[in-house]
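>>> okay, structure incoming, though there's no sequence with it:
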């Protein structure tokens, strides 16, 4: 029987069985590769929050044009193999909108706020009477960008979108030439009902507000006659939002093409958030798959005795199975079409999620399990079709057996230097050779202090200023200093400190840059398949992009990349920075012991 099954092409097949007395039953059969391929050789790359990467052409926040430029420079000049970005999912409209990229409206469609407006071909076809208006918008964008780059203002996503939307309204009024019209129609056909639903939701928010649960009752049902009538009435607005999705998808494809043409083996690494906003597009259009009245969170643990409620409605495992995992397949296919790899935030969610009844404390929640083998099979199928690598963020508390299962399926894990210790023994830093190979090794993440901040203790003082410490400052500082000193002793003992431009000599107290370089030299000694360099570590930035446990106390998701003094650093300045060059040159030239790779891609098969 197994031999016969393997003769079935890769895909999701609908199986129907009929009994002799005429009864029938149906199910779905997923035929997928056993293993997701990894990089053919060890790759290193950059980790960056795209909004924080401003150039002199940005409209107040980083955009897809900046991403293409960064990838081209990093690949051609330094030999980087990938650039990993934050989720670029569509956000929920409103003022102010939620700035977190991890609580989106839709995970399937990207946000047009990331567009480089001037790079859209219709921009050059604007009529003479319209162009002065667009020129005025460019001047206003410069006025918005200036204070951010001078350090006088934070990134204001809402203000950026207000300007870009006005410009895009003008561009979408320009008729498409025949070739681009055909490409647009191909895109809309490929995404079908899902794109129509997303565009309909966006059009309805313009009329009825961003909270669909407060819309007139018939419109809360995406399949009602009234919703169909509203879609017809708002056809022009629906088409506008479809076109924005196409524009954004096109520029994502161009950024990935630029990365690969620059020599990157992987290219762009997109990020999949763990869930969606309850008032967003996905939650409206897929109500049959989401669990009503439930929210995803985390149980109480040593770090948070009250548990956590993330405010994200979970998928129902039974409805996913009944649909042949169609929403999940569509989501993965959309994200992987313009990516060389996909990072899955909280990858443990493929196995189980902590469900919390809406309005109840997280302590009243419970774990709900998913069919992990089916979820991983669908993931392997779509990764195979896209020829993509998959990375799972598996930090924190992980159920026994999960990491082993992920590794068996070829999903790379995430290992952060400061957390890699011999927790079952001495508690000391884990030797480089003892690290797992099937991971992306990094010094930090967007939710953690930058390397410079950790080395200097700035992150402890920041949390003290915000009233987030549970112990006296001196006690916290002493503990952090001891942990850092332990790592520095290990790095120095391995001869990784070297000499740095700041003047460090062997045996002397290390300067900050020397220690940052040593940390990355250590990562290169591990067998990790991928090495990630947090881009702000190159500039000495000491500010975290996100400080968990805060909301309005700290400007989460609104900070541009900056130097050690907190002065914003533009993309142009970053690529010319001697300090950035020293870090990237260290990673590129000192990786003399790349981990042996085994390509485990299955044979080609006809997709179904």
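Arrived safely. Since the model is a prediction, treat every value here as computed from it, not as a measurement.
>>> quick one: terminal-to-terminal distance for stretch 400-419?
The first residue of stretch 400-419 is 18 Å away from its last residue (CA to CA, to the nearest Å).
>>> list the buried ones in that stretch?
402-403, 406-407, 409-418 (16 or more other CB atoms under 10 Å). Placement of C-beta: from N, CA and C, glycine included.
>>> so how far is it from its chain's centroid?
18 Å (CA atoms, centre = their mean, to the nearest Å).
>>> distance of the residue nearest to residue 63 when sequence neighbours are not counted from residue 72?
Excluding the flanking residues, the one nearest residue 63 by CB to CB, 6 or more residues apart in numbering is residue 116, at 4.8 Å. In this view, residue 116 and residue 72 are 14 Å apart by CB to CB, to the nearest Å.
>>> repeat for residue 223
45 Å.
>>> now do stretch 482-497: everything it contacts.
Residues from elsewhere that reach stretch 482-497 (CB atoms under 8 Å, 6 or more residues apart in numbering): 417-418, 428-429, 432, 454-455, 457, 504, 506, 510, 514-515, 517-519, 521-522, 525.
>>> and that stretch, which residues are buried?
Neighbour count says stretch 482-497 has 484, 487-488, 490-492, 496-497 buried, by 16+ other CB under 10 Å.
>>> quick check: the farthest pair among those residues?
Greatest spacing in the buried residues of stretch 482-497, by CB to CB: 484 and 496 (14.8 Å).
>>> pull the longest helix from this structure.
Once the chain is assigned using DSSP state H, the helix that runs over the most residues is helix 178-208.
>>> quick one: mean pLDDT over that one.
Average pLDDT, helix 178-208: 97.
>>> circling back: ChimeraX command for the buried members of the contacts of stretch 482-497?
Buried members of these, defined by 16+ other CB under 10 Å, are picked up in ChimeraX with:
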select :417,418,429,432,454,455,457,504,510,514,515,517,518,519,521,522,525
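>>> sort out which of the contacts of stretch 482-497 are in helices and list them.
Using DSSP H, the contacts of stretch 482-497 in helices are 454-455, 514-515, 517-519, 521-522, 525.
>>> those residues into CSV, with extra columns for distance to residue 202?
Listed next are the ones in helices among the contacts of stretch 482-497 as CSV, based on distance: CB to CB, whole Å:
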residue, distance to residue 202
454, 41
455, 45
514, 50
515, 47
517, 46
518, 49
519, 44
521, 48
522, 47
525, 49
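>>> now the strands: where do they sit in the stretch 51-200 of the chain?
82-85, 89-90, 106-110 (DSSP state E, counting those that start in this stretch).
>>> averaged pLDDT, the second one. What do you get?
So the one you mean is strand 89-90. Averaged across strand 89-90, pLDDT comes to 98.
>>> same thing with stretch 284-300?
95.
>>> for it, buried residues please.
For stretch 284-300, the neighbour count (16+ other CB under 10 Å) marks 284-286, 289-291, 294-298 as buried.
>>> for the protein, where's the lowest mean pLDDT among helices and strands?
None of the helices or strands of the chain scores lower by mean pLDDT, DSSP states H and E than helix 2-6, at a mean of 52.
>>> and the contacts of stretch 517-525?
With CB under 8 Å, 6+ apart as the criterion, stretch 517-525 contacts 417, 432-433, 441-443, 451, 487-488, 490-492, 494, 496-498, 500, 510, 531, 533, 537, 582-583, 586-587, 590-593.
>>> change it to 6 Å
Stretch 517-525 is contacted from outside by 432, 441, 443, 451, 491, 496-497, 531, 586-587, 590-591, using CB atoms under 6 Å, 6 or more residues apart in numbering.
>>> again with stretch 543-550
By CB under 6 Å, 6+ apart, the list of residues contacting stretch 543-550 reads 49, 446-447, 449, 468, 554, 556, 559.
>>> among these, which one has the most neighbours?
Of all those, residue 49 has the most neighbours under the rule other CB atoms under 10 Å, reaching 25 neighbours.
>>> tell me which residues touch that residue, please.
By CB under 6 Å, 6+ apart, the neighbours of residue 49 are 86, 446, 545.
>>> ok, back up a step: mean neighbour count for the strands of the stretch 51-200 of the chain - can I get that in TSV?
Shown next, in TSV, are those (neighbours: other CB atoms under 10 Å):
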stretch	mean neighbour count
strand 82-85	28
strand 89-90	28
strand 106-110	27
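>>> same list, the ones you listed, but as CSV with distance to residue 42 please.
Below are the strands of the stretch 51-200 of the chain laid out as CSV (distance: least, CB to CB, whole Å):
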stretch, distance to residue 42
strand 82-85, 11
strand 89-90, 29
strand 106-110, 29
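>>> go through those and name the closest to residue 256.
Between residue 256 and the strands of the stretch 51-200 of the chain, the shortest gap by CB to CB is with strand 82-85, which sits at 9.8 Å.
>>> nearest the geometric middle of the protein, what residue?
Nearest to the mean C-alpha position of the chain, by CA atoms, centre = their mean, lies residue 271 at 2.3 Å.
>>> where does that residue fall, helix, sheet strand or coil?
strand (DSSP: H, G, I helix; E, B strand; the rest coil).
>>> who's in contact with it?
86-87, 343.
>>> out of those, which is nearest to residue 246?
Nearest member of the contacts of residue 271 to residue 246, counting by CB to CB, is residue 87, at 19.5 Å.
>>> tell me the phi and psi of that closest one?
phi -60, psi 130 (degrees, to the nearest 10).
>>> quick check: it touching residue 105?
No - counting by CB atoms under 6 Å, residue 87 stays clear of residue 105, with 11.4 Å between them.
>>> who has more neighbours, these two?
residue 105 (27 against 24).
>>> need the contact list for that one.
90-92, 277, 280-281.
>>> nearest to residue 177, of the residues you listed?
For these, the nearest to residue 177 is residue 90 (27.0 Å; CB to CB).
>>> now that closest one, which residues is it bridged with?
Beta bridges link residue 90 to residue 106, judged by DSSP bridges.
>>> number the chain from 336, please
Sure, I'll start counting at 336 from here, so that last one is residue 425.
>>> how far does stretch 554-570 sit from its chain's centre?
Using CA atoms, centre = their mean, the offset of stretch 554-570 from its chain centre is 32 Å.
>>> over to stretch 646-655?
For stretch 646-655, the distance to the chain centre is 20 Å (CA atoms, centre = their mean).
>>> got the buried residues for that stretch?
Residues of stretch 646-655 classed as buried by neighbour count (16+ other CB under 10 Å): 647-652, 654-655.
>>> what is the rounded mean pLDDT of it?
97.
>>> ends of it, what's the gap?
20 Å.
>>> now swap in stretch 482-491 and tell me
One end of stretch 482-491 sits 11 Å from the other (CA to CA).
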